[in-house]
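Asker: Predicted model follows, preceded by the sequence.
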Amino acid sequence: MESADLVVINTCAIREGAEQKVIGRQGHLAKLKDANPGLRIVLTGCSVREPDRAGLRRRYPAVDVFLRPDEEPELVDRLGLASAQGAIGTVAPVGPVGATTTVGRAVVGVADGLSGTRARAVGEGTVARGSTISAWLPIIYGCDKTCTYCIVPFSRGPERSRPFDDIVAEARSLAAAGYREVTLLGQNVNSYGHDLAPEPRFGHVDAARWAGRRLDLHGRPDLAELIRAVDGLRTTDGRPAISRLRFVTSHPWDLSDRLIAALAECPSVCEHLHLPVQSGHDGVLRRMGRQYTVEHYRERLDRIREAVPGIAVSTDIIVGFCGETEEQFEATLGLLEAIRYDQVFAAAYSPRPGTPATHLADDVPPDVKRRRLNELLAVQERIGLTRNEAWLDREVEVLVDTVVPPRSHDHGGPAAGATAGQGAGEGSVRLSGRARTNKLVHLSGEPGLVGRLVTVRIEHAGPYALRGALVGA
Ligand code: SAM
Ligand code: SF4
């Protein structure tokens, strides 16, 4: 960073710790600017919230330009790079407003029409991709839910769906570029399409929702329609042009029967669903504003497991939310035992200024939150191990994506400790990848296997990963 002329900080505001880390580095950044007066610092991501522009300057004094997440494509213009070094350090006026989020009467989020910017970047081939194997494909921006603990509706603004044809075109270009895996992305992908204009070609899309908000979906594309269209992109020999299709995140309240049918019927859709539950107690779910009950959640999951036998399921959980009693926490542990998730992402509740939950007392003491979190992770570690042991001696398809660097305490060559098998010969290294169930799988093989779909026989199962031998590439 010492030699940089431009530093772009992409922030996460979901929990307080992440924001504090960036605030804590302002002094260091200011020193870098003293040493290099040409240095420009840009802050973007969820910490840049529209109603909070004034507070940003105070908390991040070293920053020259603030960009809301939906303003990121404007980075070059705002820095003046495209316009002969124009003025820097000013906060540009908000562009044409495409949608707003209101809580009560207050406008808490605004967003401009994003879709055009992305479509243009896709056309010009200038979308930054972190991998040449797997790609994220945003389908909907923002969130219209009002989970009381969550900063996202305030930082990311209201829901805006990208046009159906733009998404399918981007998927087609990813397939042509050789991407094996595509993940459709949004805070709540199950809401996709409700804000698009109705079209005769989507006349068959039923307005009825099994549950969820009463949205007028008639004649608009939904996620099921989109998944079927991307799955329908085929190679000349009839295989899905994108081998693996995933989507994240699904809100349980909006998970439709149409979507479950698409999961079951589309061969490219991976057998994995991330379905955040947050708590196993209805009282806590109500305070969280999650809209569903435990019963509703379990009904949806039963339907999915019926439709896609063997599907892996992961979830998010918050422990120690406002007013969570020991009994309510135990109900969450009970839910884990009943559902038997493959993976759980758990966090202790962290109050976020400006969210509705700040009006509730954050009354679970930090040591109790910590203890509950550890207890929950221990329960899940045992469940995860059992779930993974069920894969022993079975063959799985793995998309190899990483050459794992040798660890400092490894002796005896790069593949030391590797299991035997077709790939464990000379020149073989440690590799890892994901099964269709999203399980992390370690194996040994040639570095050239990165980016390929291979078959691995599972020989070892741990709570968080599998290890096996290559049996086919
Ligand atoms: N849209 C997704 C959903 O409906 O679950 C999740 C998006 S959020 C970026 C990811 C996870 O962060 C949430 O599922 C929740 O478990 C966690 N999270 C959000 N706000 C939090 C807070 N204030 N404290 C602790 N965890 C939080
Ligand atoms: Fe946050 Fe809830 Fe929206 Fe997820 S659905 S982003 S948790 S408000």
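Answerer: Arrived safely, thanks for sending. Ligands and ions are numbered 1, 2, ... in the order given.
Asker: Relative to residue 37, how far out is residue 361?
Answerer: Noted for residue 361: a distance of 48 Å to residue 37, by C-beta to C-beta, to the nearest Å. Where you see a C-beta, it was placed from the backbone N, CA and C, and this is true even at glycine.
Asker: Looking at these two, which has the bigger crowd around it?
Answerer: residue 361 (9 against 6; other C-beta atoms under 10 Å).
Asker: Now do the phi/psi pair for the more buried one.
Answerer: Phi and psi for residue 361, reported as degrees, to the nearest 10, are phi -80, psi 130.
Asker: do residue 467 as well
Answerer: The phi/psi pair for residue 467 (degrees, to the nearest 10) reads phi -130, psi 140.
Asker: Against ligand 1, how distant is it?
Answerer: 29 Å (C-beta to the nearest ligand atom, to the nearest Å).
Asker: what's near enough to touch that residue?
Answerer: 419, 441, 442, 443, 458, 459, 460, 461 (C-beta atoms under 8 Å, 6 or more residues apart in numbering).
Asker: Hmm, which of these is lowest in pLDDT?
Answerer: pLDDT across the contacts of residue 467 is lowest for residue 419, at 50.
Asker: Just the closest residue of the stretch 251-400 of the chain to ligand 2, please.
Answerer: residue 251 (5.1 Å; C-beta to the nearest ligand atom).
Asker: Now that residue. Nearest residue, chain neighbours left out?
Answerer: Take residue 251 and drop its neighbours on the chain: the residue closest to it by C-beta to C-beta, 6 or more residues apart in numbering is residue 188, 4.3 Å away.
Asker: How about residue 319?
Answerer: residue 372 (4.3 Å).
Asker: before we move on, back to that, which residues are in contact with the residue nearest to residue 251?
Answerer: Here residue 188 is in contact with 140, 143, 144, 145, 159, 249, 250, 251, 254 (C-beta under 8 Å, 6+ apart).
Asker: Also residue 303?
Answerer: Here residue 303 is in contact with 257, 260 (criterion: C-beta under 8 Å, 6+ apart).
Asker: doesn't it fall inside a strand?
Answerer: No. Going by DSSP: H, G, I helix; E, B strand; the rest coil, the assignment for residue 303 is helix, not a strand.
Asker: and it, what pLDDT?
Answerer: 96.
Asker: related to what we said a few turns ago, which element, helix or strand, includes the residue nearest to residue 319?
Answerer: helix 366-389 (DSSP states H and E).
Asker: who's in contact with that helix?
Answerer: With C-beta under 8 Å, 6+ apart as the criterion, helix 366-389 contacts 312, 317, 319-320, 324, 329, 332-333, 336-337, 340-344, 346-349, 364, 439, 461-466.
Asker: helices or strands up against the next helix or strand after it?
Answerer: Following helix 366-389 in sequence order, the next helix or strand is strand 395-403 (DSSP H and E). Applying 3 or more C-beta pairs under 8 Å, 6 or more residues apart in numbering; DSSP states H and E, one finds that strand 395-403 contacts strand 429-435, strand 440-445, strand 453-461, strand 465-472.
Asker: Would you list the strands that the last one pairs with, along with their directions?
Answerer: Here strand 465-472 has these sheet partners by DSSP bridges: strand 440-445 (parallel), strand 453-461 (antiparallel).
Asker: How far does it sit from its chain's centre?
Answerer: 26 Å (C-alpha atoms, centre = their mean, to the nearest Å).
Asker: Could you list the buried residues of it?
Answerer: 466, 467, 468, 469, 470 (16 or more other C-beta atoms under 10 Å).
Asker: Show the model's pLDDT score for residue 55.
Answerer: For residue 55, the model assigns a pLDDT of 83.
Asker: Then residue 22?
Answerer: Residue 22 is given a pLDDT of 87.
Asker: Which positions in the stretch 201-350 of the chain make contact with ligand 2?
Answerer: Proximity of the stretch 201-350 of the chain to ligand 2 is confined to residue 251 under the rule C-beta under 6 Å from any ligand atom.
Asker: interface residues of the stretch 201-350 of the chain facing ligand 1?
Answerer: So the stretch 201-350 of the chain meets ligand 1 at 249, 251, 276, 278, 316, 318, 347, 349, 350 (C-beta under 6 Å from any ligand atom).
Asker: again, 8 Å this time
Answerer: Counting by C-beta under 8 Å from any ligand atom, the stretch 201-350 of the chain comes close to ligand 1 at 249-251, 276, 278, 316-318, 321, 345-350.
Asker: now the stretch 51-200 of the chain
Answerer: 143, 145, 147, 149, 150, 151, 152, 187, 188.
Asker: Give me the subset of these lying in strands.
Answerer: Judged by DSSP state E, strands contain none of these.
Asker: Can you add pLDDT and distance to ligand 2 and give these back as CSV?
Answerer: As requested, those are exported to CSV (pLDDT from 0 to 100; distance: C-beta to the nearest ligand atom, whole Å):
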residue, pLDDT, distance to ligand 2
143, 91, 3
145, 90, 4
147, 95, 3
149, 97, 7
150, 95, 3
151, 91, 8
152, 89, 4
187, 93, 4
188, 92, 5
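Asker: which ones are touching the residue of the stretch 251-400 of the chain closest to ligand 2?
Answerer: 145, 188, 190, 191, 212, 276, 291.
Asker: So residue 342 is in contact with residue 461, correct?
Answerer: No. Using C-beta atoms under 8 Å, residue 342 is not in contact with residue 461; the gap is 11.7 Å.
Asker: Okay, now the unreliable bits of the chain?
Answerer: 50-51, 73, 80-122, 126, 207-216, 408-425 (pLDDT under 70).
Asker: so which residue of the stretch 351-473 of the chain comes closest to ligand 1?
Answerer: Closest point on the stretch 351-473 of the chain to ligand 1, by C-beta to the nearest ligand atom, is residue 352, at 4.8 Å.
Asker: Near that residue, how many other residues are there?
Answerer: 22.
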